[in-house]
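Participant: turn this into a structure:
(chains A, B, C, D, E and F)
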There are 4 protein chains.
Amino acid sequence: MENLLNKRKCILESALELINEQGFHGSPISKVAKNAGVAAGSIYTYFESKEELILGIYEYVSQNIKAYVSDRDDETLDFKSRFFNYWKNYTRFYELNPAQHGFYDQFLNSPFNSESSQQFPNVWHEWSFGFFQSGIDQGAIKNMNPTILAILVNSNINSVVKIKNNFKAKLARNNVDLEEISKLIWEGIKDDKPKVF
Amino acid sequence: MENLLNKRKCILESALELINEQGFHGSPISKVAKNAGVAAGSIYTYFESKEELILGIYEYVSQNIKAYVSDRDDETLDFKSRFFNYWKNYTRFYELNPAQHGFYDQFLNSPFNSESSQQFPNVWHEWSFGFFQSGIDQGAIKNMNPTILAILVNSNINSVVKIKNNFKAKLARNNVDLEEISKLIWEGIKDDKPKVF
Amino acid sequence: MENLLNKRKCILESALELINEQGFHGSPISKVAKNAGVAAGSIYTYFESKEELILGIYEYVSQNIKAYVSDRDDETLDFKSRFFNYWKNYTRFYELNPAQHGFYDQFLNSPFNSESSQQFPNVWHEWSFGFFQSGIDQGAIKNMNPTILAILVNSNINSVVKIKNNFKAKLARNNVDLEEISKLIWEGIKDDKPKVF
Amino acid sequence: MENLLNKRKCILESALELINEQGFHGSPISKVAKNAGVAAGSIYTYFESKEELILGIYEYVSQNIKAYVSDRDDETLDFKSRFFNYWKNYTRFYELNPAQHGFYDQFLNSPFNSESSQQFPNVWHEWSFGFFQSGIDQGAIKNMNPTILAILVNSNINSVVKIKNNFKAKLARNNVDLEEISKLIWEGIKDDKPKVF
DNA sequence: GATGAATGAGTTTTCATTCAT
DNA sequence: CATGAATGAAAACTCATTCAT
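Facilitator: Sure, this is the predicted structure:
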């Protein structure tokens, strides 16, 4: 039982790594198998097809992001603090797991996404939407569509991490500026309206 | 001469359309050729390989964006106005040319990008960097790395257009909120420091 | 002992059913196993290989046909009556056991037949040959090769049942005609020559 | 133009030969290609899939049988003579083209048949049905369903040729008996009823 | 004996690229 | 230059068979 779960995870990780480095094109089942240390046919014990494998990785990454960020969310704090924690932790997850970041980015803009995958609920998306909904409910942020809010915030986090990676050594000064992005976004979404009693 | 250019462009447009709809996977040379109304072999008169074709499309799209946005830039205006024009026109280009938007998005996150393509200068990137550099030079925006500025602004524009497309009919109110994003970003990057003489 | 025989028979029946419906191609060991409610590996306890399994089904079906027809043969009757009983009972067996009919038909024209299987004695063929031999010995039918006689009679029975199945509802009149076939064949093979004492 | 037709035919003949000898299982595309002297991929220029190839062979064989038998049919003769010509020529075709005979037999009892192929009109079946219909129309044979008649006659011809092939050397006497089969069938199907004026 | 995950050779099919016409 | 048939390497996937548990 343990072994089976491990082997499935082993294949997921192996494919994740390969796709991050080589793209979907450059990651045939044969390479994924070799990388995972199993026979090519064995992949089909755990995944019905290559597409199912890729959707499986998407689900796996989504769960990991959700676990990382939600575990570190403290609902007892005020929403502003929770927002900056969200930003910091999501950023950190990507920095600690560059392969998952790379995969996620490719996936979201690939034809694998938007076909079938969007029909299934995504734990991370749902958690993220709920997070922003609670901000709205508490009157901490403007009454916007939480889905839109989540997409905008998440795509900015994504961009920031990409920039950090590409410019890592070049400009120490940048990080300072990049940290500012979160504050900027916060200023944009926070609810300024005076509460009426 | 005219015909050759036309045929090359015809192949580019045909491939562009197909890749937007079907992705890189679903766009074999044979389909591109059929869609363009030429023989498969003829594509190799204009492009050395499929990879060259894809890089060619990237260059083509980059030129189109650059032409659209730079043609509508009025350097005599103050930078704030130019910034909002930039935002409006880049957004409009994507809305008018969804296939080019779709291709660009896929390309940027694919292994085609970041390998060889980033070595070559990209007219749009260069123009965009220069645009923000001039804002810095004029003291209108903060003294940040203009490359980073451009990436952040452009990825937000990209997100906003995607959201508009996906939520088109659903929420009339959203567009209002989405228009706010540009103001928000502007607030974040404009230079507030008092000028000292 | 009982269980072993039951399990072997269960696999045979399961494979029989599947091959009738899906053909040899569409009947991998894994499906046969699932259909029989055993593990794939267990099939190799009872059969050395897939080919042995198929030859085993052939033997099984042959025994069933032989048992059905021979049990209902009454050697005390005159040969003409026995012939029409043979025809009726073989026909009825196929009608009662369509999967066995379907398998048999496929098998006889497949490469599984004619390779190795024809070397082994087949109880049904032998009984059928003996049946016609006894007709010859009694002077009831012409002095032909009984093997040929058996093949001709059996292939006509096969055709008649197939036609019945395919045209079942369409033409009530046909059955009458089809019953005539047996009389026709009998007229052709009965020995008309006057017996000389 | 000529070459293309030739190559298609060459692939058909090559596959026909192989399937006759090795069955559908033992005839992978790679072998068919090697046998035909073309690359494996080239098969897919002429046939969409292996199934299409097999259906193509079926159509090819059907056309050949129809051409051979119909070319030798003389409609000016009385129907009895035409019937014996039909029998003789169909028999001869199978004897001259054993690979086509072998393929046809396998095909008819395979899952390839009865799925899709039966929906398409088959030139040979149609000609054969029409042949027996004309015998009925002329009052030469009983008023039966011509489809059933054709199936019965054709399956007897098939059996006879198979027997001839298998017992070729063994019994010279048999052929005499086998020739009798056609007479026997004729006796069974001819219309004995006195014509009433 | 029973199990079913693991294997890997073998199968069908695709597709970028070439080249004779 | 244009064509599109031909190529064959490589891809996804299947499945009979084995073997550790």
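Participant: for A:K142, grab phi and psi.
Facilitator: Main-chain torsions, A:K142, degrees, to the nearest 10: phi -60, psi 160.
Participant: neighbours around it, how many?
Facilitator: By other Cβ atoms under 10 Å in any protein chain shown, 16 other residues sit near A:K142. Quick note: C-beta positions are derived from backbone N, CA and C, even for glycine.
Participant: surely it meets A:I136?
Facilitator: Yes. A:K142 is in contact with A:I136 according to Cβ atoms under 8 Å; the separation is 7.5 Å.
Participant: contacts only, for the most centrally placed residue in chain A.
Facilitator: The C-alpha lying nearest the average C-alpha coordinate of chain A belongs to A:I65 (Cα atoms, centre = their mean; 5.2 Å). By Cβ atoms under 8 Å, 6 or more residues apart in numbering or on different chains, the residues touching A:I65 are A:90, A:93, A:100, A:104, A:124.
Participant: and chain A, which of its residues are near chain B?
Facilitator: Residues of chain A lying close to chain B by Cβ under 8 Å from any Cβ of the partner chain are A:22-26, A:105-106, A:108-111, A:142, A:144-145, A:147-148, A:151-152, A:155-156, A:158-160, A:162-163, A:167, A:171, A:173-174, A:177-178, A:180-181, A:183-185, A:187-188.
Participant: show the buried residues in these.
Facilitator: A:23-24, A:105-106, A:108-111, A:142, A:144-145, A:147-148, A:151-152, A:155-156, A:158-160, A:162-163, A:167, A:174, A:177-178, A:181, A:184-185, A:188 (16 or more other Cβ atoms under 10 Å in any protein chain shown).
Participant: quick one: the helices in chain A?
Facilitator: For chain A, the helices defined by DSSP state H cover A:2-22, A:29-36, A:40-46, A:50-71, A:79-96, A:98-108, A:123-137, A:146-166, A:172-189.
Participant: now render those helices as CSV, adding mean pLDDT.
Facilitator: Converted to CSV, the helices of chain A look like this (pLDDT from 0 to 100):
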stretch, mean pLDDT
helix A:2-22, 87
helix A:29-36, 96
helix A:40-46, 96
helix A:50-71, 97
helix A:79-96, 97
helix A:98-108, 94
helix A:123-137, 95
helix A:146-166, 90
helix A:172-189, 76
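Participant: dump those helices to a markdown table, plus distance to B:Q119.
Facilitator: Converted to a markdown table, those look like this (distance: least, Cβ to Cβ, whole Å):
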| stretch | distance to B:Q119 |
| --- | --- |
| helix A:2-22 | 19 |
| helix A:29-36 | 26 |
| helix A:40-46 | 35 |
| helix A:50-71 | 29 |
| helix A:79-96 | 26 |
| helix A:98-108 | 20 |
| helix A:123-137 | 35 |
| helix A:146-166 | 14 |
| helix A:172-189 | 22 |
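Participant: how about the ones you listed in CSV, adding distance to DNA strand E?
Facilitator: Output for the helices of chain A, formatted as CSV (distance: least, Cβ to the nearest atom of the strand, whole Å):
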stretch, distance to DNA strand E
helix A:2-22, 5
helix A:29-36, 8
helix A:40-46, 2
helix A:50-71, 13
helix A:79-96, 29
helix A:98-108, 18
helix A:123-137, 26
helix A:146-166, 28
helix A:172-189, 38
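Participant: what's the closest of these to B:I11?
Facilitator: Nearest to B:I11, of all the helices of chain A, is helix A:98-108, at 25.8 Å by Cβ to Cβ.
Participant: export that closest one to PDB, keeping only CA atoms.
Facilitator: Once non-C-alpha atoms are left out, helix A:98-108 reads as follows in PDB (Å, rounded to 0.1, in the frame of the first residue of the first chain):
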ATOM      1  CA  PRO A  98      10.900  25.700  -8.900                       C
ATOM      2  CA  ALA A  99       9.900  22.500 -10.900                       C
ATOM      3  CA  GLN A 100       6.400  22.800  -9.600                       C
ATOM      4  CA  HIS A 101       6.400  26.500 -10.500                       C
ATOM      5  CA  GLY A 102       7.700  25.700 -14.000                       C
ATOM      6  CA  PHE A 103       5.200  23.000 -14.600                       C
ATOM      7  CA  TYR A 104       2.300  25.000 -13.400                       C
ATOM      8  CA  ASP A 105       3.100  27.900 -15.700                       C
ATOM      9  CA  GLN A 106       3.400  25.700 -18.700                       C
ATOM     10  CA  PHE A 107       0.300  23.800 -17.900                       C
ATOM     11  CA  LEU A 108      -1.900  26.900 -17.400                       C
END
